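[1] no letters, just coordinates:
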Ligand SMILES: COc1cccc(Cn2ccc3ccc(-c4cc(N)[nH]n4)cc32)c1
């Protein structure tokens, strides 16, 4: 397949849904191979312990380095990019998604508790490229939801996964602007009309109107994308 994705998590069942979604087709076509690994398979005690108390004190638990070391020894190859979802990571953006979509191998390390012993990331960086990535400025309970979102955002950009690739060109954040509003039949719905320009057949005027809608919507909702103050 064009891309291989390995996911290490204590909740492997969480990723079962990847079999049915859009990525399910990509997997059938052999474009994207996904393998999920249970971190507890890399523990050796009776209780399959993956966490312990934090050095220096503080609330919560930290994920032990040993199981992670053994799991990544198995899946992390030098050509891979290790993606570690984290509240303290760089922001995940469409630009990063596009960059990751060109990679042949991605490994996702999904943490829980208060995160993973930092030495795991430090060691991994001696083997492969490592990126700690945040989905946004809000706190999740673990990395699985973030990994799922990133896998979907990256997967859909891998050539052959999306049926009609031209739809990728016009979407939000593609040209740095939010997308224009979309309409379909009926022309009138609950006494609300579709903007007449869209029924005019004047494709130049329609393109101009759509661009204006993008700029206006971006200025209203996401002025930060315009570099405005
Ligand atoms: C301050 O609160 C926390 C501090 C540390 C860790 C956790 C919980 N947690 C564990 C692993 C993990 C991986 C990713 C994320 C995450 C990513 C984004 N964008 N939000 N949250 C959260 C995670 C909570």
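    Okay, I see it. Keep in mind that this is a model prediction, so the values were computed, not measured. Residues are numbered from 1 along each chain as shown.

[2] spell out which residues of this structure are next to the ligand.
    85-87, 111-115, 134-136, 138-143, 146 (Cβ under 6 Å from any ligand atom). Every C-beta, even on glycine, is put in place using the N, C-alpha and C of the backbone.

[3] from those residues, which would you call buried?
    Among the residues of the chain next to the ligand, those classed as buried by neighbour count (16 or more other Cβ atoms under 10 Å) are 85, 86, 87, 111, 112, 113, 115, 134, 135, 142, 143, 146.

[4] scan the chain for its longest helix.
    helix 203-221 (DSSP state H).

[5] so what does that one touch, helix or strand wise?
    Taking 3 or more Cβ pairs under 8 Å, 6 or more residues apart in numbering; DSSP states H and E as contact, there are no helices or strands that helix 203-221 lies on.

[6] now it: buried residues?
    Neighbour counts over helix 203-221 (16+ other Cβ under 10 Å) mark 206, 209, 210, 213, 214, 217, 218 as buried.

[7] quick one: which two of those are the most distant?
    206 and 218 (18.6 Å; Cβ to Cβ).

[8] am I right that residue 112 is in a helix?
    No: using DSSP: H, G, I helix; E, B strand; the rest coil, the assignment for residue 112 is coil, not a helix.

[9] quick one: contacts for it?
    10, 11, 51, 63, 141, 142, 143 (Cβ atoms under 8 Å, 6 or more residues apart in numbering).

[10] mind listing which of those residues are in strands?
    Under the assignment DSSP state E, the contacts of residue 112 contribute 51, 63 to strands.

[11] looking at the contacts of residue 112, spot the one nearest residue 78.
    residue 143 (22.6 Å).

[12] point out where the protein drops to low pLDDT.
    20, 22, 169-172, 228-229 (pLDDT under 70).

[13] which of the three states applies to the residue nearest the centre of it?
    Of all residues in the chain, the one closest to the mean position by Cα atoms, centre = their mean is residue 150, 0.7 Å from it. Judged by three-state DSSP, the three-state class of residue 150 is helix.

[14] any idea how far it lies from residue 119?
    24 Å (Cβ to Cβ, to the nearest Å).

[15] same check on residue 215?
    For residue 215 relative to residue 119 (Cβ to Cβ), the value is 47 Å.

[16] neighbouring strands for the top strand by length along the chain, and are they parallel or not?
    When the chain is parsed with DSSP E, its longest strand is strand 81-91. In the sheet, strand 81-91 lines up against strand 105-109 (parallel), strand 129-134 (parallel) (DSSP bridges).
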